[in-house]
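1. Pasting the sequence and the predicted model now:
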Amino acid sequence: MTRLAIFASGSGTNAEKLIQYFSEVGDIEVSLIVCNKVKAGVLDIAERWGIPSILIDRDFFYKSDQMLFELKQQGIDFIILAGFLWMVPPYLIHGYQGKMLNIHPALLPKFGGKGMYGMHVHEAVKRAGEKITGITIHLVNEKYDDGAVVFQATCPVTSEDTPDDIRKKVQLLEHRHFPEVVEKVVREKFHK
Ligand code: GAR
């Protein structure tokens, strides 16, 4: 069994899609949810699906390498960032080199970097008058939104679209593609 940990900070709709998808895949499972926000929706989702979760604080995450120890102890093979809004510290990136994916709600390298998350991204896309936007799934390195891109998908933006309309279109793309892309990358990595 290949064991995935999902890191998330928010409502967790992507986390839930991943959980659902891998509940029907025999040899890959979501084994752990890591969250940095009390009362985040993703914690309810974890509970509903009976998946263990850890709530972390800044000291735990940044001032020691306990997170890496915890993940290794739990046999986690691969990390998925699904709306996780803290920068991942170097010790964790090194511990899971090439084994950590992030999803970003725009077509990187556009609309990435610090402060570019959630609605901020869609508002910036609207302000810039973009005609297309989309999603990017990429490996994680030490800079925000900067690792090797493994997948992108696009959707049109019309002049009538509000940032929330854009969010909805992008979310559809995320839910449609993220689980399959994760599966593909994990299988390649572990030669399964
Ligand atoms: C997703 O749209 C994801 O792409 C984005 O946060 C949202 C989480 O939604 N991530 C970023 O903006 C990272 N820079 P969810 O909690 O419903 O899955």
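-> In hand now; what should we look at? Worth saying up front: this structure is predicted, and the values here are computed from it rather than measured.
2. shaky segments in the protein?
-> Along the chain, segments meeting pLDDT under 70 span 192.
3. and with 80 instead?
-> By pLDDT under 80, the low-scoring segments of the chain are 144, 191-192.
4. Can you show me the helices along it?
-> 13-22, 41-49, 58-62, 66-73, 90-95, 119-127, 163-190 (DSSP state H).
5. so which of those helices is the most packed in?
-> Greatest average neighbour count among the helices of the chain goes to helix 13-22 (a mean of 21), per mean count of other Cβ atoms under 10 Å. Yep, even glycine has a C-beta here, placed from its N, CA and C like the rest.
6. elements contacting that one?
-> In terms of contacts (3 or more Cβ pairs under 8 Å, 6 or more residues apart in numbering; DSSP states H and E), helix 13-22 is packed against strand 2-8, strand 28-35, helix 41-49, helix 163-190.
7. how big is the angle separating that helix from helix 41-49?
-> Taking axes from the mean of the first three to the mean of the last three Cα atoms, to 10 degrees, one finds helix 13-22 and helix 41-49 inclined to each other by 20 degrees.
8. picking that back up, just send the helices and strands packed on helix 13-22 back as TSV, with distance to the ligand too.
-> As requested, those are exported to TSV (distance: least, Cβ to the nearest ligand atom, whole Å):
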stretch	distance to the ligand
strand 2-8	6
strand 28-35	10
helix 41-49	6
helix 163-190	6
